[in-house]
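**Student:** mind folding the following:
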Amino acid sequence: MDVDGTLVNYETVLPESAVVAVRKARENGHKVYICTGRSESEVYDDVRSIGFDGMIGGNGTYVKDNDEVIFHKVLSKEDTRHIVDWLGERKLEFYLECNSGLFASEKFEDAGTKAIKEYSKILGQDSDKTTIRSVFPNMVFGGNLYRDDVNKISFVLNSYQDYLDSVKEFPNLNPGTWGGEGDKALFGDIGVNDIDKGKSVELLLNHIGADIADTFAFGDAKVDIPMLKKCAVGVAVASGCDEIKAVADYVTDAVDEDGIYNAFKHFGLI
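**Tutor:** You can find the predicted model right below:
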(Lines give C-alpha, C1' and ligand atoms only; values in the text may rest on other atoms or scores of the structure.)
Protein backbone atom coordinates (compact mmCIF):
# COMPACT_ATOMS: atom_id res chain seq x y z
CA MET A 1 0.00 0.00 0.00
CA ASP A 2 0.95 3.57 -0.68
CA VAL A 3 1.60 5.80 2.34
CA ASP A 4 0.87 9.48 1.66
CA GLY A 5 -2.76 10.01 0.78
CA THR A 6 -3.56 6.33 1.33
CA LEU A 7 -2.33 5.12 4.70
CA VAL A 8 -1.97 8.65 6.11
CA ASN A 9 -3.62 11.88 5.01
CA TYR A 10 -1.64 14.81 3.66
CA GLU A 11 -1.33 16.32 7.11
CA THR A 12 0.50 13.04 7.89
CA VAL A 13 -2.30 12.00 10.28
CA LEU A 14 -2.52 8.23 10.59
CA PRO A 15 -6.04 6.92 11.34
CA GLU A 16 -6.06 4.42 14.20
CA SER A 17 -8.41 2.23 12.15
CA ALA A 18 -5.67 1.80 9.51
CA VAL A 19 -3.22 0.65 12.19
CA VAL A 20 -5.76 -1.87 13.45
CA ALA A 21 -6.41 -3.13 9.91
CA VAL A 22 -2.73 -3.70 9.06
CA ARG A 23 -1.94 -5.43 12.34
CA LYS A 24 -5.04 -7.63 12.19
CA ALA A 25 -4.34 -8.62 8.57
CA ARG A 26 -0.80 -9.69 9.50
CA GLU A 27 -2.17 -11.64 12.48
CA ASN A 28 -4.40 -13.42 9.97
CA GLY A 29 -1.34 -14.50 7.98
CA HIS A 30 -1.27 -11.84 5.26
CA LYS A 31 1.91 -9.99 4.33
CA VAL A 32 1.65 -6.21 4.19
CA TYR A 33 4.24 -3.97 2.51
CA ILE A 34 4.31 -0.22 2.04
CA CYS A 35 4.95 0.92 -1.54
CA THR A 36 5.74 4.60 -1.39
CA GLY A 37 7.54 7.53 -2.90
CA ARG A 38 9.21 8.00 0.47
CA SER A 39 12.78 6.94 1.02
CA GLU A 40 13.84 4.91 4.07
CA SER A 41 14.65 8.09 6.01
CA GLU A 42 11.05 9.31 5.57
CA VAL A 43 9.43 6.26 7.11
CA TYR A 44 8.95 7.85 10.51
CA ASP A 45 8.13 6.05 13.75
CA ASP A 46 4.36 6.49 13.40
CA VAL A 47 4.37 4.38 10.23
CA ARG A 48 7.29 2.08 11.07
CA SER A 49 5.81 1.10 14.45
CA ILE A 50 2.65 -0.28 12.82
CA GLY A 51 4.68 -3.30 11.70
CA PHE A 52 5.16 -4.24 8.05
CA ASP A 53 6.82 -7.11 6.22
CA GLY A 54 9.02 -4.73 4.25
CA MET A 55 8.82 -1.82 1.87
CA ILE A 56 9.16 -0.53 -1.65
CA GLY A 57 10.55 3.02 -1.51
CA GLY A 58 11.48 5.83 -3.88
CA ASN A 59 8.54 4.90 -6.14
CA GLY A 60 10.17 1.56 -6.85
CA THR A 61 13.89 2.26 -6.67
CA TYR A 62 14.31 0.47 -3.33
CA VAL A 63 12.85 -2.92 -2.37
CA LYS A 64 13.21 -4.55 1.04
CA ASP A 65 11.73 -7.78 2.41
CA ASN A 66 11.87 -7.51 6.20
CA ASP A 67 15.49 -6.36 6.75
CA GLU A 68 16.86 -7.76 3.47
CA VAL A 69 17.43 -5.22 0.69
CA ILE A 70 16.78 -7.04 -2.57
CA PHE A 71 16.98 -4.09 -4.98
CA HIS A 72 18.28 -0.53 -4.85
CA LYS A 73 18.94 1.74 -7.81
CA VAL A 74 20.08 5.34 -7.33
CA LEU A 75 20.87 8.29 -9.57
CA SER A 76 24.52 8.44 -10.60
CA LYS A 77 26.57 11.19 -8.99
CA GLU A 78 26.96 12.75 -12.46
CA ASP A 79 23.20 12.79 -13.03
CA THR A 80 22.61 14.22 -9.56
CA ARG A 81 25.11 17.03 -10.20
CA HIS A 82 23.48 17.76 -13.57
CA ILE A 83 20.00 17.95 -12.00
CA VAL A 84 21.13 20.08 -9.04
CA ASP A 85 22.96 22.52 -11.32
CA TRP A 86 20.06 22.71 -13.80
CA LEU A 87 17.53 23.39 -11.05
CA GLY A 88 19.84 26.02 -9.55
CA GLU A 89 20.21 27.80 -12.87
CA ARG A 90 16.42 27.96 -13.21
CA LYS A 91 16.00 29.06 -9.57
CA LEU A 92 13.82 26.02 -8.82
CA GLU A 93 13.98 24.94 -5.18
CA PHE A 94 14.26 21.21 -4.51
CA TYR A 95 15.19 18.41 -2.14
CA LEU A 96 17.16 15.21 -2.58
CA GLU A 97 15.42 12.04 -1.43
CA CYS A 98 17.95 9.59 0.04
CA ASN A 99 17.71 6.68 2.45
CA SER A 100 20.14 8.61 4.65
CA GLY A 101 17.93 11.72 4.77
CA LEU A 102 16.19 14.50 2.85
CA PHE A 103 18.55 17.29 1.77
CA ALA A 104 16.94 20.59 0.80
CA SER A 105 18.17 23.43 -1.37
CA GLU A 106 18.81 26.78 0.29
CA LYS A 107 15.36 28.33 -0.18
CA PHE A 108 13.21 25.20 -0.38
CA GLU A 109 11.37 25.92 2.85
CA ASP A 110 10.13 29.29 1.56
CA ALA A 111 9.26 28.07 -1.94
CA GLY A 112 7.84 24.75 -0.80
CA THR A 113 5.52 26.10 1.89
CA LYS A 114 3.09 27.68 -0.55
CA ALA A 115 3.05 24.58 -2.77
CA ILE A 116 2.52 22.13 0.08
CA LYS A 117 -0.32 24.27 1.47
CA GLU A 118 -1.93 24.33 -1.97
CA TYR A 119 -1.65 20.55 -2.19
CA SER A 120 -3.30 20.16 1.21
CA LYS A 121 -6.12 22.43 0.04
CA ILE A 122 -6.63 20.34 -3.12
CA LEU A 123 -6.98 17.25 -0.96
CA GLY A 124 -9.51 18.91 1.33
CA GLN A 125 -7.13 19.17 4.29
CA ASP A 126 -6.69 22.11 6.65
CA SER A 127 -3.83 23.85 4.89
CA ASP A 128 -3.27 26.27 7.80
CA LYS A 129 -1.71 23.39 9.76
CA THR A 130 0.57 22.28 6.95
CA THR A 131 4.19 23.39 6.89
CA ILE A 132 7.35 22.01 5.30
CA ARG A 133 8.64 20.99 8.72
CA SER A 134 5.38 19.27 9.68
CA VAL A 135 5.40 17.24 6.47
CA PHE A 136 9.19 16.66 6.44
CA PRO A 137 10.21 16.81 10.13
CA ASN A 138 13.75 15.48 9.62
CA MET A 139 14.64 17.47 6.51
CA VAL A 140 18.29 18.62 6.41
CA PHE A 141 19.01 22.20 5.37
CA GLY A 142 22.52 23.23 4.35
CA GLY A 143 23.76 19.71 3.59
CA ASN A 144 25.87 18.47 0.69
CA LEU A 145 23.78 18.35 -2.50
CA TYR A 146 26.30 16.56 -4.74
CA ARG A 147 25.64 13.05 -3.49
CA ASP A 148 25.89 9.47 -4.73
CA ASP A 149 22.97 8.01 -2.72
CA VAL A 150 19.99 9.83 -4.26
CA ASN A 151 16.84 7.85 -5.03
CA LYS A 152 15.08 10.81 -6.69
CA ILE A 153 14.83 14.58 -6.58
CA SER A 154 11.64 16.61 -6.08
CA PHE A 155 11.35 20.28 -6.97
CA VAL A 156 8.79 23.09 -6.79
CA LEU A 157 7.28 23.92 -10.18
CA ASN A 158 7.11 27.62 -11.02
CA SER A 159 5.08 26.53 -14.05
CA TYR A 160 4.19 23.33 -15.89
CA GLN A 161 6.78 24.33 -18.48
CA ASP A 162 9.48 23.51 -15.91
CA TYR A 163 8.34 19.89 -16.00
CA LEU A 164 8.19 19.85 -19.82
CA ASP A 165 11.71 21.28 -19.94
CA SER A 166 12.95 18.63 -17.49
CA VAL A 167 11.71 15.94 -19.89
CA LYS A 168 13.85 17.44 -22.66
CA GLU A 169 16.85 18.03 -20.41
CA PHE A 170 16.92 14.52 -18.90
CA PRO A 171 15.89 12.03 -21.63
CA ASN A 172 17.82 9.24 -19.89
CA LEU A 173 15.92 9.69 -16.63
CA ASN A 174 12.30 9.62 -15.47
CA PRO A 175 10.85 13.11 -14.90
CA GLY A 176 7.35 13.26 -13.42
CA THR A 177 4.99 15.47 -11.46
CA TRP A 178 3.00 15.25 -8.25
CA GLY A 179 0.74 17.43 -6.16
CA GLY A 180 -2.04 17.81 -8.71
CA GLU A 181 -3.14 16.51 -12.08
CA GLY A 182 -1.62 17.57 -15.41
CA ASP A 183 -0.67 21.22 -15.74
CA LYS A 184 -2.02 21.90 -12.25
CA ALA A 185 0.82 19.90 -10.68
CA LEU A 186 2.75 21.69 -7.94
CA PHE A 187 5.93 19.62 -7.86
CA GLY A 188 8.17 17.92 -10.37
CA ASP A 189 10.45 15.00 -9.65
CA ILE A 190 13.29 13.23 -11.44
CA GLY A 191 14.31 9.64 -10.82
CA VAL A 192 15.97 6.70 -12.48
CA ASN A 193 14.46 5.40 -15.69
CA ASP A 194 12.56 2.15 -16.32
CA ILE A 195 11.43 1.77 -12.70
CA ASP A 196 7.94 2.14 -11.27
CA LYS A 197 5.91 0.74 -8.40
CA GLY A 198 4.45 -2.04 -10.54
CA LYS A 199 7.83 -3.38 -11.67
CA SER A 200 9.15 -3.38 -8.12
CA VAL A 201 6.05 -5.18 -6.86
CA GLU A 202 6.90 -7.90 -9.37
CA LEU A 203 10.51 -8.03 -8.11
CA LEU A 204 9.29 -8.41 -4.54
CA LEU A 205 6.77 -11.11 -5.40
CA ASN A 206 9.38 -13.11 -7.29
CA HIS A 207 11.74 -12.86 -4.33
CA ILE A 208 9.24 -14.10 -1.75
CA GLY A 209 7.65 -16.65 -4.10
CA ALA A 210 4.17 -15.10 -3.95
CA ASP A 211 1.45 -15.44 -6.58
CA ILE A 212 0.23 -12.25 -8.24
CA ALA A 213 -3.30 -13.70 -7.98
CA ASP A 214 -3.14 -13.24 -4.21
CA THR A 215 -2.29 -9.53 -4.23
CA PHE A 216 -4.11 -6.31 -3.40
CA ALA A 217 -2.77 -2.81 -4.08
CA PHE A 218 -3.97 0.36 -2.33
CA GLY A 219 -3.26 3.86 -3.64
CA ASP A 220 -4.50 7.40 -4.24
CA ALA A 221 -2.39 8.97 -6.99
CA LYS A 222 -1.27 8.61 -10.59
CA VAL A 223 2.10 7.21 -9.51
CA ASP A 224 0.24 4.28 -7.89
CA ILE A 225 -1.49 3.23 -11.12
CA PRO A 226 1.25 0.76 -12.26
CA MET A 227 0.95 -0.95 -8.86
CA LEU A 228 -2.84 -1.20 -9.09
CA LYS A 229 -2.58 -2.57 -12.62
CA LYS A 230 0.05 -5.13 -11.63
CA CYS A 231 -1.83 -6.57 -8.65
CA ALA A 232 -4.88 -8.80 -8.86
CA VAL A 233 -7.10 -6.26 -7.12
CA GLY A 234 -6.48 -2.52 -7.26
CA VAL A 235 -8.10 -0.37 -4.58
CA ALA A 236 -8.28 3.44 -4.67
CA VAL A 237 -9.28 5.63 -1.75
CA ALA A 238 -12.19 8.01 -2.42
CA SER A 239 -9.96 10.95 -1.48
CA GLY A 240 -7.59 10.03 -4.32
CA CYS A 241 -7.37 11.49 -7.83
CA ASP A 242 -9.88 10.72 -10.57
CA GLU A 243 -7.23 8.99 -12.71
CA ILE A 244 -6.58 6.25 -10.20
CA LYS A 245 -10.25 5.77 -9.37
CA ALA A 246 -10.90 5.20 -13.07
CA VAL A 247 -8.53 2.20 -13.20
CA ALA A 248 -9.27 0.76 -9.74
CA ASP A 249 -11.25 -2.44 -9.28
CA TYR A 250 -12.73 -1.01 -6.09
CA VAL A 251 -13.01 2.45 -4.54
CA THR A 252 -13.05 2.49 -0.76
CA ASP A 253 -13.84 5.37 1.57
CA ALA A 254 -11.54 8.35 2.07
CA VAL A 255 -8.43 8.04 4.25
CA ASP A 256 -10.05 9.95 7.11
CA GLU A 257 -13.25 7.91 6.80
CA ASP A 258 -11.59 4.57 7.65
CA GLY A 259 -11.01 3.74 4.00
CA ILE A 260 -8.20 1.22 4.61
CA TYR A 261 -10.01 -0.56 7.42
CA ASN A 262 -13.25 -0.74 5.43
CA ALA A 263 -11.48 -2.12 2.34
CA PHE A 264 -9.63 -4.78 4.37
CA LYS A 265 -12.96 -5.74 5.89
CA HIS A 266 -14.72 -5.76 2.51
CA PHE A 267 -12.21 -8.20 1.03
CA GLY A 268 -12.10 -10.47 4.08
CA LEU A 269 -8.50 -9.67 4.99
CA ILE A 270 -9.65 -8.93 8.54
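**Student:** so residue 52 sits in a strand?
**Tutor:** No - counting by DSSP: H, G, I helix; E, B strand; the rest coil, residue 52 is not found in a strand; it is coil.
**Student:** do you know how far it is from residue 241?
**Tutor:** Here the criterion is CB to CB, to the nearest Å. By it, residue 52 lies 24 Å from residue 241. C-beta: built from backbone N, CA, C; applies to glycine.
**Student:** my read: residue 190 touches residue 174, true?
**Tutor:** Yes - contact status for residue 190 versus residue 174: in contact at 6.9 Å, counting by CB atoms under 8 Å.
**Student:** out of those two, which sits in the more crowded spot?
**Tutor:** More neighbours surround residue 190 than the other of residue 190 and residue 174, with 27 against 18 (other CB atoms under 10 Å).
**Student:** check for me that the more buried one belongs to a strand.
**Tutor:** Yes - Residue 190 forms part of a strand when assessed by three-state DSSP.
**Student:** what pLDDT does it get?
**Tutor:** Note on residue 190: pLDDT of 95.
**Student:** do you know how far it is from residue 207?
**Tutor:** When distance is defined by CB to CB, residue 190 is 27 Å away from residue 207.
**Student:** swap in residue 131?
**Tutor:** Between residue 131 and residue 207 the distance, using CB to CB, works out to 38 Å.
**Student:** please enumerate the strands of the stretch 101-250 of the chain.
**Tutor:** The residue ranges that make up the strands of the stretch 101-250 of the chain, judged by DSSP state E, counting those that start in this stretch, are 101-104, 140-141, 150-156, 174-178, 187-191, 216-219, 233-237, 250-252.
**Student:** worst average pLDDT in those strands?
**Tutor:** The stretch with the lowest average pLDDT out of those is strand 174-178, scoring a mean of 89.
**Student:** tilt between that one and strand 187-191?
**Tutor:** 150 degrees (axes from the mean of the first three to the mean of the last three CA atoms, to 10 degrees).
**Student:** count of neighbours near residue 128?
**Tutor:** Neighbour count for residue 128, taken as other CB under 10 Å: 9.
**Student:** relative to residue 121, how far out is it?
**Tutor:** When CB to CB is the yardstick, residue 128 and residue 121 sit 10 Å from each other.
**Student:** ditto for residue 198
**Tutor:** Summarising the geometry, the distance separating residue 198 from residue 121, computed by CB to CB, is 30 Å.
**Student:** great, nothing more from me.
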